[in-house]
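> the following comprises the amino acid sequence and a computationally predicted model.
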There are 2 protein chains.
Amino acid sequence: MNFHYPNGKRYIPAKKEIIGIKKEKKWSYSNRGMTLEEDINETNDYYLVQNIASIHKKPTPIQIVQVDYPKRSAAVIKEAYFKQASTTDYNGVYNGKYIDFEAKETKNSASFPLQNFHEHQIKHMETILKQDGICFVLLRFSLTEEIFLLEAHHLLRFWKRMKDGGRKSITKDEIETYGHHIPLGFNPRIDYIKKIDYLYNLTRKAESEEN
Amino acid sequence: MNFHYPNGKRYIPAKKEIIGIKKEKKWSYSNRGMTLEEDINETNDYYLVQNIASIHKKPTPIQIVQVDYPKRSAAVIKEAYFKQASTTDYNGVYNGKYIDFEAKETKNSASFPLQNFHEHQIKHMETILKQDGICFVLLRFSLTEEIFLLEAHHLLRFWKRMKDGGRKSITKDEIETYGHHIPLGFNPRIDYIKKIDYLYNLTRKAESEEN
């Protein structure tokens, strides 16, 4: 907080402060300036530290073309390109079970566009289900800040509906019916493992009492 | 094959050919010019296509500093650095089970140096075992072209021995005793899932008959 000592003139905030306020308003996500990804990463960090689960975001796949090796300093990648991922973004282990998911958000309020997903991700999800892995998506409606866990078999059903000529999105109603709302918490922020416990009848092993 | 037509002189191969031969000799790995990583990737591709397992190599983690967005072409990463990975390189799902491993090779013949592993990878392996995941390392002796699967709990034991002031490597004898030799095959090349079946009493679900 800044104090503005009286100097006989009306206080006019400096430009920097005004910009600061504007920026804050743009950060609609609880005004915390946190993205869905950051919240999931923090959740995963919490799970890791508490010995609840070991789930990590996969690095972005990159095609490296040119690397420089300057003397006495770290190798510098000078030319590289983004590659399309062949899997979902997050995976890991909870209680011996394989966990695999993708996280997406929309600015829509009435439906979730399926174009957020790619054919190869859908295929990967089918493979995971065949291997009896636990697979789902975390969907976030950024306007209302609601987060839902939707199991992959439901997503695949809606994907098939689109492929068969049906609507290109999942309605909010459908997500509320088949998905599971995850309230935003403090620590962990997005407690998706709690829903997994409930859905797959599992019990988390360890959690320190203070949390 | 080149023909050398008689010209009355003794045949002396061109320098290029000599270099070529030398190069081939350097490719000790079955003279196929394949690395352990390529063999594992091909094995994983085979598992994926045959619906046996879904196991992927994680992309190399990169810290991106500068990206250019040229008009009408793909974004170019102009400055980036390699980051240290916080996990092992490979993970995925087999029969509902979480699979996690690291692959390393050595030019030594009598022992495998533990410096091939990093503290954070060892820590990650401990976490996976706590979560009842299946965790191991694939160790390759490049001179003899032998590959062994060593379960993580053994590796952790040898790591502890080193930390307690003991030897900084695992002897070949120990690897032969506690590890499991994987013969190099054609398709799949390194059938580590077969060993996992044996060790964890699992049965692979699908495999096409022709393979």
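The structure has been received and is ready for your questions. Numbering: from 1, shown residues only, chains lettered A, B, ... in the order given.
> now do the longest helix belonging to chain A: distance to the chain's middle.
Longest helix of chain A, by residue count under DSSP state H: helix A:36-49. Here the centre of mass of C-alpha atoms in helix A:36-49, compared against the chain's by CA atoms, centre = their mean, to the nearest Å, lies 9 Å away.
> residues in contact with the helix or strand just after that helix?
Using DSSP states H and E, the helix or strand that follows helix A:36-49 towards the C-terminus is strand A:54-57. Residues outside strand A:54-57 that contact it (CB atoms under 8 Å, 6 or more residues apart in numbering or on different chains): A:37, A:40-41, A:44, A:47-48, A:89-94, A:99, B:86-87, B:124, B:127-128, B:131, B:133. For the C-beta atoms, the positions are set from N, CA and C on the backbone; glycine is no exception.
> and those residues, which are buried?
Neighbour-count burial (16 or more other CB atoms under 10 Å in any protein chain shown) applied to the contacts of strand A:54-57 gives A:40-41, A:44, A:47-48, A:89-94, A:99, B:87, B:124, B:127-128, B:131, B:133.
> now, which of those lie within strands?
A:Y90, A:N91, A:G92, A:V93, A:Y94, A:I99 (DSSP state E).
> and for the fifth one, nearest residue in space, chain neighbours not counted?
With sequence-adjacent residues excluded and distances taken as CB to CB, 6 or more residues apart in numbering or on different chains, A:Y94 is closest to A:A53, at 3.9 Å.
> quick check: phi and psi on the one you found?
Main-chain torsions, A:A53, degrees, to the nearest 10: phi -160, psi 160.
> in this structure it contacts A:G92, no?
Yes: with contact defined as CB atoms under 8 Å, A:A53 reaches A:G92; the gap is 6.3 Å.
> mind listing the shared neighbours of these two?
A:N44, A:I99.
> for B:F136, see how far away A:I99 is.
19 Å (CB to CB, to the nearest Å).
> helices of chain A, residue ranges please.
Using DSSP H, helices in chain A cover A:15-26, A:36-49, A:119-130, A:152-163, A:172-178, A:192-200.
> next, the buried residues of the shortest one.
Of the residues in helix A:172-178, A:K172, A:E174, A:I175, A:Y178 count as buried by neighbour count, 16+ other CB under 10 Å.
> just put those in TSV and tack on pLDDT and distance to A:K71.
Shown next, in TSV, are those (pLDDT from 0 to 100; distance: CB to CB, whole Å):
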residue	pLDDT	distance to A:K71
A:K172	97	58
A:E174	98	59
A:I175	98	55
A:Y178	97	58
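> for chain B, state which of those is nearest.
Nearest to chain B out of those is A:Y178 (CB to the nearest CB; 22.5 Å).
> surely that closest one and A:A152 touch.
No: applying CB under 8 Å, one finds A:Y178 not in contact with A:A152, separated by 11.4 Å.
> tell me who's in contact with the residue nearest to A:L138 when sequence neighbours are not counted.
In space, and not counting its chain neighbours, A:L138 is closest to A:A103: 4.3 Å by CB to CB, 6+ apart. If you count contacts by CB under 8 Å, 6+ apart, A:A103 has them with A:L36, A:E37, A:I40, A:D89, A:Y90, A:V137, A:L138, A:L139, A:R140.
> if I look at A:A103, how far off is chain B?
17 Å (CB to the nearest CB, to the nearest Å).
> just A:G185 next, same as before
To chain B, A:G185 is 22 Å away according to CB to the nearest CB.
> check contacts around A:Q121.
A:A85, A:T87, A:T88, A:E102.
> and for A:G185?
For A:G185, the contact set (CB under 8 Å, 6+ apart) comprises A:D191.
> okay, it: pLDDT?
Predicted confidence (pLDDT) for A:G185: 93.
> likewise for the one 10 residues further on?
pLDDT for A:K195: 96.
> and the one 3 residues further on, by the same measure?
Among the per-residue scores, A:Y198 holds a pLDDT of 93.
> just give the nearest non-adjacent residue to it, would you?
Nearest residue to A:Y198, sequence neighbours excluded (CB to CB, 6+ apart): A:H180, at 7.8 Å.
> for the one you found, give its distance to A:D191.
Going from A:H180 to A:D191 by CB to CB gives 11 Å.
> ok now do the closest residue to A:Y46 other than its chain neighbours, which residues does it touch?
Spatial nearest neighbour of A:Y46, chain neighbours left out: A:P188 (4.3 Å); criterion: CB to CB, 6+ apart. Contacts for A:P188 (CB under 8 Å, 6+ apart) come out as A:E42, A:T43, A:Y46, A:Y47.
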